[in-house]
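Asks: Quick one, fold the following:
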Amino acid sequence: MSFGPDPNSPAWQILEYLQRNASATIKDLELLLGVTPTAVRQHLNHLQAGGYLDRREERAGVGRPHFIYAATDAARELFACRCDVLALTMLQEMSELVGEELMGALLKRVGARLAEGYSESVKAPDLHNRVQEMAGALGQQGVLTDVSKGESNTIALKMYNCPYHELAIEHRELCEMDQQMLQQVLGEEVLLDDCIMDGHGSCSFVIRKGSRATLELET
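Replies: I've put the predicted structure just below:
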């Protein structure tokens, strides 16, 4: 079974739900799709046959057990934001040629250049709206995002798929590049709380309101 990223496809909606959430029950997917349990099971059977889902049995107290569904690596691969093959190869070769220190400086410059591009779409005076604009700009690049208010005057921006997954596996400096890029665009301190590369379900960036003055003093 193979298919393209059609947001109106029930199969794609299921996979996107599982990309954003660790797992799902049939009841979760009934609510998501607005269809019968039988219809949900049909979609799940097709996805499982294609290698996109894992299923495990779970018992909760007395009564019949139920099944929990989770995405496989094959499913997560569908959400990878593809780097151009030439750019990917050039970065790999450059890393070997110039070494870690110069590669770090290069990625810092690349992050600044990316920030310039995103800044054209992120102009709201209010921080929360700027983060929403940033999430929208990332979405146009195929990155699944959520924005939520955190504790202690913070905002969380979550990315559920990595734009540079193939490279970041070997070069974690790309995570730092993304963090610095977001900090430049949003104008506030940005911390990387969780990371997909560490086995988390998302990269969670925490933005601190009112940290602009601190940033200006540090630069």
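Asks: Helices of the protein, start to end?
Replies: In the chain, the helices defined using DSSP state H lie at 10-20, 26-33, 37-49, 73-78, 85-119, 127-140, 165-168, 173-186, 212-218.
Asks: Could you dump those helices into JSON lines and include mean neighbour count?
Replies: (C-beta placed from N, C-alpha, C; glycine too.) Formatted as JSON lines, the helices of the chain follow (neighbours: other C-beta atoms under 10 Å):
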{"stretch": "helix 10-20", "mean neighbour count": "19"}
{"stretch": "helix 26-33", "mean neighbour count": "15"}
{"stretch": "helix 37-49", "mean neighbour count": "15"}
{"stretch": "helix 73-78", "mean neighbour count": "15"}
{"stretch": "helix 85-119", "mean neighbour count": "13"}
{"stretch": "helix 127-140", "mean neighbour count": "17"}
{"stretch": "helix 165-168", "mean neighbour count": "18"}
{"stretch": "helix 173-186", "mean neighbour count": "20"}
{"stretch": "helix 212-218", "mean neighbour count": "10"}
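Asks: Tell me the spatial nearest neighbour of Leu29, not counting adjacent residues.
Replies: Nearest in space to Leu29, with sequence neighbours left out and distances taken as C-beta to C-beta, 6 or more residues apart in numbering, is Val40 at 4.7 Å.
Asks: repeat for Met103
Replies: Per C-beta to C-beta, 6+ apart, closest to Met103 is Ser95, 5.0 Å.
Asks: Show the pLDDT at the one you found.
Replies: Listed pLDDT for Ser95 reads 77.
Asks: Offset the numbering so it begins at 58, please.
Replies: Yes, from this point I'll number from 58; that puts the last item at Ser152.
Asks: looking at the helices of the chain, which is closest to Glu114?
Replies: With C-beta to C-beta, the closest approach to Glu114 among the helices of the chain belongs to helix 83-90: 12.7 Å.
Asks: Show me the contact partners of stretch 110-125.
Replies: 75, 80-83, 101, 104-105, 126-129, 132 (C-beta atoms under 8 Å, 6 or more residues apart in numbering).
Asks: I'd say Arg187 and Tyr175 touch.
Replies: No: if you go by C-beta atoms under 8 Å, Arg187 and Tyr175 don't touch, sitting 10.4 Å apart.
Asks: Common neighbours of these two, please.
Replies: Residues within reach of Arg187 and of Tyr175 at once, by C-beta under 8 Å, 6+ apart, are Val242.
Asks: thinking again about what came up before, dump the contacts of stretch 110-125 to CSV, plus pLDDT and distance to Leu243.
Replies: Putting the contacts of stretch 110-125 into CSV (pLDDT from 0 to 100; distance: C-beta to C-beta, whole Å) gives the following:
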residue, pLDDT, distance to Leu243
Leu75, 92, 29
Ser80, 91, 32
Ala81, 94, 32
Thr82, 93, 36
Ile83, 93, 39
Leu101, 95, 39
Leu104, 94, 37
Gln105, 92, 40
Tyr126, 95, 35
Ala127, 92, 32
Ala128, 90, 30
Thr129, 89, 34
Ala132, 86, 31
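Asks: wait, which of these is closest to Ser66?
Replies: Ser66 lies nearest to Leu104 out of the contacts of stretch 110-125, by C-beta to C-beta, at 10.9 Å.
Asks: what about the closest one, distance to Ile253?
Replies: Distance of Leu104 to Ile253, given as C-beta to C-beta, to the nearest Å: 21 Å.
Asks: Gln105 now?
Replies: Remark: distance between Gln105 and Ile253 (C-beta to C-beta) = 23 Å.
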